[in-house]
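Enquirer: No letters, just coordinates:
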C-alpha cells in the first residue's frame, strides 16, 4: 500500500536511526547499502538502485510517495526499539 509522508519526516527518521541501521536493513533485505540510502533521499545510483519512492515538490522538502514501506517499517521499528 502506498504511503505519503513529508520529505523532512523521512529524513528525520533516517537521522534518528541507531548507528549501523542502514547497513542492518540492507543486509536483512539483501540490498546494496546505497539502495537503502536512496530510499531515505540519497542519490547514489552508481551502485544503488531506485527503490520505489517518488518525491513531489512542496513545503518541508516536498512529499514522498512510497510504493513499498518495508524499509520504512523496519527503520521505524529500529527507532522505537532504540527509545526503550
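Expert: Yep, that arrived. All figures in this text were calculated on a predicted structure; none of them were measured in a lab.
Enquirer: by contact count, what packs against the helix-or-strand element of the chain with minimal mean pLDDT?
Expert: Using mean pLDDT, DSSP states H and E, the weakest-scoring helix or strand in the chain turns out to be strand 53-56, at a mean of 80. If you count contacts as 3 or more Cβ pairs under 8 Å, 6 or more residues apart in numbering; DSSP states H and E, strand 53-56 packs onto strand 63-66. Every C-beta, even on glycine, is put in place using the N, C-alpha and C of the backbone.
Enquirer: What strands line up against the strand it packs on, and which way round?
Expert: strand 3-6 (antiparallel), strand 53-56 (antiparallel) (DSSP bridges).
Enquirer: Burial check on residue 40, number of neighbours?
Expert: 21 (other Cβ atoms under 10 Å).
Enquirer: Where does the nearest residue to it once chain neighbours are set aside fall, secondary structure wise?
Expert: Leaving aside its sequence neighbours, residue 40 sits nearest to residue 14 (Cβ to Cβ, 6 or more residues apart in numbering; 3.9 Å). Using DSSP states H and E, residue 14 sits in helix 7-15.
Enquirer: Would you mind listing the buried residues in that helix?
Expert: Buried residues in helix 7-15, counting neighbours by 16 or more other Cβ atoms under 10 Å, are found at 7, 10, 13-14.
Enquirer: same thing with stretch 58-71?
Expert: The neighbour-count check on stretch 58-71 (16+ other Cβ under 10 Å) flags 63-64, 66, 71 as buried.
Enquirer: which one of those residues is nearest residue 18?
Expert: residue 71 (15.1 Å; Cβ to Cβ).
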